[in-house]
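>>> Any chance you could fold what I've pasted below:
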Amino acid sequence: MRRPTDAAGGTTNAAGTAPPPAKAMLLALAALLLCLQGARGLWEPDEGRYSAVAWHMVESGDWFTPHLSAALPHFTKPPLLYWLLAGSMSLLGRNEWALRLPGGIAGVLTVLLTFALARRLAPGDPLLAAVVQATALLPFVGAHLVTTDPLLMLCETLAVWGFVVAWWDEPSPQDERSTRPAGRWAIPAMWLGFALAFLTKGPPGLLPLLPILVFALWSRRARGLLRLLSPSGLLLFALVAFPWFLLQLRARPDLLGYLLGSEVQGRLAGAQVRNPGWRGLWTTIVPVVIGGLLPWSAAAVLPLRRGRSTRGAGGGTADSATVDSGVVDSRAARFLWLWLLLPLLVFCLAQSRQPLYLLPLSVPGALLAARALAPRWQWSPRRRAWLAVWAAALLALSAVAAAVPQRRDSRRFTAAVLRLAPVRPSALIFVDRYARYGTTVYCGCDVESVQLLEDLVARAGPAYRPLAVPLAAALARRQRDTLWLVRPASVLAWQAALDRAGWRARRLGAVDDSVVFAASPP
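Down below sits the predicted model:
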């Protein structure tokens, strides 16, 4: 049966209150996600690293091979995010707004896809699902960061949306109509989303394919799996996902071993582990699972508890309209829980964990929260005022993050270094320090890290080559107007090495935990 309508002809929720106009609300959510994008400086290490690679693409004109510095190729991630960042910088300038805009747009488009998904998977109130996705804590924070995860969330959600359209819009055997038009493009759209996800983060971008395969096999056995094998979709996936990798492997045959060994196996259980073991699980995954969808996760659980007690005390029967609008679609619920829990299990088993890895799972979480809330949610003036207050609190959080000094803020750090410099430097070289690559954008110069002390020689980071080069190699380039940022414990050894090479060094001061020197070659 049709849902009840208000006086203006719009649909109402189970509580009988009409939601605000969808277009106006989605526009407000987009403005919320895009607001204050440029207020904060680039934070190290992730924002600085991605921004530096994009800066080098614009500066050098080489958009094929990502570089952290002029001499250092960087292959920890495929190039799609770098291309978007470089394109945004080319259009809008080399500033934080341009660098954060792709992530903000990815957040907005994900909200729109969540709304589209909710029309099939959470039809009780599709607009509520979009609001949850835009204003929950984890998606909001993710949309304001320069990292691959917002773009990955968008691409994976696009892939799932294509699958859901194909699966849910497929005519039943009793339907006398011919195959609906969506069936011809939905599965190719799914494979396009996976291709873009693969070009964003490599094999981890295909993770939602696991719940899709399990759901298809569970629902229709072999016929369900065959439904996914669209020749045009697979061809589209191959044409989008593979060419860049194949061209790079042709130029660098040893790159395949690095990608499979260090970036895939190494992040699962090898040398690239971060936050491993039970401690990493409790400090990285569990807090995001508990708090990532706040305040909506709490709002969804509490009404459910009250609703159970009310139903138990009342014992009444619902009319047909209420049953038609409020019955839980077990098929949709099954798929959403698979989409949420199977990737989450993979992240729990993997030994390299970061909180933002869970960002793509905010979409099934938002849809599940909306399904739980919709039967009792009221778009009343009081609820709308509460929502406005929460949106203001999110904006205040962004403003505080920009106003409070942060040691990892590259804008603040670079400004302090440049105040000490007698002339604008041609390069910044960090000695026995992980380089702050975000300074590349602010100083407009090359940034690199060198090794000096023996206990740091083996240090390597997430790059095709070790992030730090020997000091002798940096001295051999004989760069003038170079600023050296030296770890205090390495100052004496560094000065002795410069004396032997005939360089002159002058101490300029200190910034945070680095001593700043100007040095000139002989």
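>>> quick one, what contacts the residue nearest the centre of the chain?
Compute the mean C-alpha point of the chain, and by C-alpha atoms, centre = their mean the closest residue is D149, 1.4 Å away. If a contact means C-beta atoms under 8 Å, 6 or more residues apart in numbering, then D149 has G142, L356, Y357, L359, P360 as its contacts. Every C-beta, even on glycine, is put in place using the N, C-alpha and C of the backbone.
>>> which of those residues tops the neighbour count?
P360 (29 neighbours; other C-beta atoms under 10 Å).
>>> And that one, what's its pLDDT?
Confidence at P360, expressed as pLDDT, is 97.
>>> quick one: contacts for it?
Counting by C-beta under 8 Å, 6+ apart, P360 touches D149, L152, M153, E156, T157, L207, P208, P343.
>>> now with 6 Å?
L152, M153, E156 (C-beta atoms under 6 Å, 6 or more residues apart in numbering).
>>> re earlier: identify the farthest-apart pair in the contacts of D149.
Spatially, the most separated pair among the contacts of D149 is G142 and Y357, at 10.7 Å (C-beta to C-beta).
>>> what's the least confident helix or strand in this protein, going by average pLDDT?
Here the helix or strand of the chain ranked lowest by mean pLDDT, DSSP states H and E is helix 320-326, holding a mean of 41.
>>> Next SSE downstream of that one?
Using DSSP states H and E, the helix or strand that follows helix 320-326 in sequence is helix 330-349.
>>> Show me what that following helix is packed up against.
Here helix 330-349 touches helix 209-228, helix 362-373, going by 3 or more C-beta pairs under 6 Å, 6 or more residues apart in numbering; DSSP states H and E.
>>> mind listing what's buried in that helix?
Within helix 330-349, the residues scored as buried using 16 or more other C-beta atoms under 10 Å are A332, F335, L336, L338, W339, L340, L342, P343, L344, F347.
>>> Which two among the residues you listed are spaced furthest apart?
Farthest pair in these, by C-beta to C-beta: A332 and F347, 23.2 Å.
>>> how is the protein carved up into domains?
Annotated domains of the chain cover 75-169+183-302+329-403, 410-520 [automatic domain parsing].
>>> circling back to that earlier point, looking at the contacts of D149, spot the one nearest A474.
Using C-beta to C-beta, L356 comes nearest to A474 of the contacts of D149, at 32.8 Å.
>>> show me what contacts that closest one?
Contacts of L356 by C-beta under 6 Å, 6+ apart are D149.
>>> let's see 10 Å
The neighbours of L356, taking C-beta atoms under 10 Å, 6 or more residues apart in numbering as the test, are 46, 138, 141-142, 145, 147-150, 152-153, 288, 292.
>>> pLDDT score assigned to it?
For L356, the predicted pLDDT is 93.
>>> Tell me the spacing between it and G41.
19 Å (C-beta to C-beta, to the nearest Å).
>>> now K201
In this view, K201 and G41 are 25 Å apart by C-beta to C-beta.
>>> same deal with G261?
35 Å.
>>> okay, the two: which has more neighbours?
It is G41, of G261 and G41, that has more neighbours when counted by other C-beta under 10 Å, with 24 against 13.
>>> I'd assumed F413 was in contact with that one.
Yes: using C-beta atoms under 10 Å, G41 is in contact with F413, at 8.4 Å.
>>> Spit out the residues that contact those two alike.
Here G41 and F413 share the contacting residues G48, Q406, G438, Y442, scored by C-beta under 10 Å, 6+ apart.
>>> weakest of the helices and strands packed on helix 330-349 by average pLDDT?
Least confident of the helices and strands packed on helix 330-349, judged by mean pLDDT, is helix 209-228 with a mean of 91.
>>> Packing partners of the helix or strand following that one?
Going down the chain from helix 209-228, the next helix or strand is helix 231-241, by DSSP H and E. Under the contact definition 3 or more C-beta pairs under 10 Å, 6 or more residues apart in numbering; DSSP states H and E, helix 231-241 sits against helix 148-168, helix 182-201.
>>> Now for D499, how many residues are close by?
Look at D499: counted by other C-beta under 10 Å, it has 11 neighbours.
>>> That one: which element?
In this assignment (DSSP H and E), D499 forms part of helix 491-501.
>>> and stretch 133-153, how far apart are its ends?
11 Å (C-alpha to C-alpha, to the nearest Å).
>>> Over to the closest residue in space to A391 that isn't next to it in sequence. Which of the three states is it?
Take A391 and drop its neighbours on the chain: the residue closest to it by C-beta to C-beta, 6 or more residues apart in numbering is L32, 5.5 Å away. Under DSSP: H, G, I helix; E, B strand; the rest coil, the three-state class of L32 is helix.
>>> Give the residue spans of the stretch 51-200 of the chain that score low on pLDDT.
Applying pLDDT under 70 to the stretch 51-200 of the chain flags the ranges 171-183.
>>> got the buried residues for the helix holding D499?
Neighbour counts over helix 491-501 (16+ other C-beta under 10 Å) mark V491, A493, W494, Q495, A497, L498 as buried.
>>> after it comes which helix or strand?
Following helix 491-501 in sequence, per DSSP H and E, is strand 504-511.
>>> and that next one, which residues are buried?
Here strand 504-511 shows A505, L508, V511 as buried, counting by 16+ other C-beta under 10 Å.
>>> From R424, how far off is the nearest residue to L127 once chain neighbours are set aside?
Excluding its sequence neighbours, the residue lying closest to L127 (C-beta to C-beta, 6+ apart) is P19, at 4.9 Å. Separation of P19 from R424 (C-beta to C-beta): 55 Å.
>>> Tell me which of those two has more neighbours.
Under the criterion of other C-beta under 10 Å, the comparison of P19 against R424 puts P19 first, with 20 against 11.
>>> so what pLDDT did the more buried one get?
Looking at P19, its pLDDT stands at 79.
>>> how about it, secondary structure?
Using three-state DSSP, the structure places P19 in coil.
>>> related to what we said a few turns ago, please identify the most buried of the helices and strands packed on helix 330-349.
helix 362-373 (a mean of 26; mean count of other C-beta atoms under 10 Å).
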